[in-house]
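# Here's my sequence, what's the structure:
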Amino acid sequence: MPERFICLQRADIPEGVLQVLDLVPNTSQRSLVYDPPPQTKYLQQPDNDTVATQGAFTLVGDTKGVAAYLIDNVEKGGLAAGTGALTAADANTIAAAVLVALRTGAAMTLAAVNALIAATAANSELTNGGGSASTGTLTDFLRILAGAEYTLAGGTVLEAAGTFAPGPKGTFDTGKYRVIEQTGAFNLSVDSGRLSQLMSSSFSYLGTTGAAVVIYDETGAVVV
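Coordinates of the predicted model:
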């Protein structure tokens with residue numbers, strides 16, 4: 001079944017506060033022998049540590065999230081001549097733009113993500129689909145937006161002698177993220193259950209009204 005990416009759209013809702021409990025099987029009630037992987041979960045905010053480098057292209061300190069994934073996997077200018085890795089400033093600027101788009105509930109298709117990247121780093125793309133040396137995938141990127149923990153270790157060399165060092169060099173913490181599939185229970189939740197409530201513009205949290213989540217399909221289109 002295709003994967004679905006439930007992302008916290010609002011920055012004012014802390015992670016670990018909202019739960020989706022009407023998916024099947026329930027995490028705490030499933031049979032470890034007979035049931036498929038659990039589906040109920042707490043919702044997580046996307047990580048986005050600020051990227052910093054020394055000597056231009058060596059990462060300073062373990063760094064998690066969107067900017068870390070971008071600097072690890074995107075070849076700057078790779079659709080043209082290619083100019084090596086993104087700079088820290090590039091990665092931080094693009095990541096900020098991505099999160100602004102997420103907060104508005106915008107689509108995160110590959111074309112949309114590539115446009116956000118290219119607005120700061122011209123002729124750059126997330127994947128190698130256009131012929132660059134980039135090593136990102138849309139699935140991994142959407143998982144990070146949905147709360148998956150991606151860490152790039154301090155000391156990672158991002159570029160050597162002017163050439164992008166192909167990734168991915170970072171790693172996912174598989175224990176934090178739960179893959180959500182488009183099951184019958186998921187469809188019911190989106191239609192009339194918990195997810196429909198969280199997706200509604202009338203959802204209220206601490207007196208502020210607005211959709212709590214945006215959900216993406218495997219192409220990055222918004223699930224409505």
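
# Leaving out chain neighbours, which residue sits closest to Gly61?
If the residues on either side of it in the chain are set aside, Gly61 comes closest to Gly154, at 4.3 Å by Cβ to Cβ, 6 or more residues apart in numbering. Placement of C-beta: from N, CA and C, glycine included.

# Tell me which residues touch that neighbour, please.
By Cβ atoms under 8 Å, 6 or more residues apart in numbering, the contact list for Gly154 reads Leu59, Val60, Gly61, Asp62, Thr63.

# Thought Leu152 was touching the first one, still the case?
Yep, that's Leu59 we're talking about. Yes. Counting by Cβ atoms under 8 Å, Leu59 touches Leu152, with 5.9 Å between them.

# higher neighbour count, these two?
Neighbours were counted for Leu59 and for Leu152 using other Cβ atoms under 10 Å; Leu152 has more, 27 against 23.

# How about the more buried one: which residues does it bridge to?
Note on Leu152: beta-bridge partners by DSSP bridges are Thr63.

# quick one: it and Val60 touch, right?
No. If you go by Cβ under 8 Å, Leu152 and Val60 don't touch, sitting 10.7 Å apart.

# The lengthiest strand in the chain - contacts with which helices or strands?
Longest strand in the chain, counting residues (DSSP state E): strand 3-8. In terms of contacts (3 or more Cβ pairs under 8 Å, 6 or more residues apart in numbering; DSSP states H and E), strand 3-8 is packed against helix 138-145, strand 180-181, strand 213-216.

# Please work out which of the ones you listed is packed deepest.
Comparing these on average neighbours per residue, with mean count of other Cβ atoms under 10 Å, the densest one is strand 213-216 at a mean of 24.

# Quick one: residues contacting Val157.
Counting by Cβ under 8 Å, 6+ apart, Val157 touches Phe57, Thr58, Ala165.

# And the second one, how far from Thr156?
Translated: Thr58. The gap separating Thr58 from Thr156 is 7 Å, by Cβ to Cβ, to the nearest Å.

# which residues touch Ala11?
So Ala11 contacts Gln45, Leu99, Arg103 (Cβ under 8 Å, 6+ apart).

# Please convert those to CSV, extending it with pLDDT.
Below are these laid out as CSV (pLDDT from 0 to 100):
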residue, pLDDT
Gln45, 97
Leu99, 98
Arg103, 98
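
# and which of those residues is nearest to Leu8?
Distance to Leu8, by Cβ to Cβ, is smallest for Gln45 among the contacts of Ala11, at 5.3 Å.

# ok, that closest one to Asp217 distance?
For Gln45 relative to Asp217 (Cβ to Cβ), the value is 21 Å.
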